[in-house]
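Novice: mind folding the following:
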Amino acid sequence: MPLQPAPADVKPRMYSGVPQEERTRLRRRRLIDAGIEVFGRQGFARATMRDICAQSRLSERYFYESFKSTPEVFDTVFKHLVRDLMAAVSGAIMQAPPTEKTLLEAGLEAFLRFIRDDPRRVQIILIDGVWREQSKLREGQSELFTYQQVIETLTQGLHPRMSTEIDLKLAASGLVGTAVHTAIAWADTGFKADIDSIVKHNLFAWGGLGRWMKMTVPGSEVVPEQSELVAHVRSVFKPD
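Specialist: Got it, this is the predicted structure:
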């Protein structure tokens, strides 16, 4: 006897009053949270699928329900944290007074606070994440590429007369690298120095770029009108 198609109004299966799709979503969320803990404490190289299952208290069956491999969990965790980081940085910059110094300070402080608030993020974003994203970065497909684009666009807004002689992508890459490695060194000390001190150390690199441009590129010291700078910053951090 041929099977009859199910009626269109059949309700989804429920378990303890929770739809199956919602239970699947919640299990996936538990695995991601477990991944943050495992990758943040042990590092990507030492983490295993069994570690994540043990931390989440879910069986391997449920692991494979949502993920194909441990690297896939890491990539998901990394993207999740990077989006949270960019939201924190963009929110801080949008609320800061529209001057070069205050914009840079706000962005750097938000970045450093995000890292300090949960030290697991150092291992995931700045160490394992940077290492794993290098090949994607060359192709412009890395989550880290967002950082570089923000730095490039912000620098163009702060120095609109920048000469084409300056390789902005190279300069932006160096500034991102400075922020990353300074944050790692800060974390290694147990975050002993206050945030203001670390922000100042990062600003040395920005200040050096500005002074170098003033010495080598005529007209680069011209700062845009405040209204122009505000408009440019808002164009960088458009709300989703």
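
Novice: the bottom helix or strand of this structure by mean pLDDT?
Specialist: strand 14-15 (a mean of 56; mean pLDDT, DSSP states H and E).

Novice: which element follows it toward the C-terminus?
Specialist: Downstream of strand 14-15, the first helix or strand assigned by DSSP states H and E is strand 18-19.

Novice: could you give the mean pLDDT of that following strand?
Specialist: Across strand 18-19, pLDDT averages out at 76.

Novice: can you give the strand pairings for that strand, parallel or anti for each?
Specialist: strand 14-15 (antiparallel) (DSSP bridges).

Novice: before we move on, which element is Pro98 in?
Specialist: Applying DSSP H and E, one finds Pro98 in no helix or strand.

Novice: and the gap between it and Leu31?
Specialist: 42 Å (C-beta to C-beta, to the nearest Å). Where C-beta positions appear, they are placed from N, C-alpha and C, glycine not excepted.

Novice: who touches stretch 170-184?
Specialist: 108, 111-112, 115, 122, 126-127, 130, 144, 147-148, 151-152, 155, 198, 201-202, 205-206, 209 (C-beta atoms under 8 Å, 6 or more residues apart in numbering).

Novice: those in helices, which ones?
Specialist: Among the contacts of stretch 170-184, DSSP state H puts 108, 111-112, 115, 130, 144, 147-148, 151-152, 155, 198, 201-202, 205-206, 209 in helices.

Novice: of these, buried ones?
Specialist: 108, 111-112, 115, 130, 144, 147-148, 151-152, 155, 198, 202, 205-206, 209 (16 or more other C-beta atoms under 10 Å).

Novice: what's the closest of those to Ser59?
Specialist: Val130 (32.5 Å; C-beta to C-beta).

Novice: now do the buried residues in the helix ranked longest in the chain.
Specialist: Criterion DSSP H: the longest helix present in the chain is helix 70-95. Neighbour counts using 16+ other C-beta under 10 Å place 70, 73-78, 81-82, 85-86, 88-90, 92-94 of helix 70-95 among the buried residues.

Novice: what ranges in this structure fall below the confidence cut-off?
Specialist: Along the chain, the model assigns pLDDT under 70 to residues 1-17, 134-147, 156-165, 209-240.

Novice: could you list the domains of it?
Specialist: 13-68, 74-236 (automatic domain parsing).

Novice: how long is stretch 87-101 end to end?
Specialist: Counting by C-alpha to C-alpha, to the nearest Å, you get 20 Å between the two ends of stretch 87-101.

Novice: count the residues that sit near the closest residue to Gln123 other than its chain neighbours.
Specialist: In this structure, Gln123 finds its nearest non-sequential neighbour in Gly40, 5.2 Å apart by C-beta to C-beta, 6 or more residues apart in numbering. Gly40 has 20 neighbours, counted by other C-beta atoms under 10 Å.

Novice: who's in contact with Phe114?
Specialist: Here Phe114 is in contact with Asp84, Leu85, Ala88, Val89, Arg121 (C-beta under 8 Å, 6+ apart).

Novice: whoops, I mixed them up, Asp51
Specialist: Val38, Gln42.

Novice: relative to Ala171, how far out is Gly208?
Specialist: Counting by C-beta to C-beta - Gly208 and Ala171 are separated by 10 Å.

Novice: so these two - more neighbours on which side?
Specialist: Ala171 (18 against 12).
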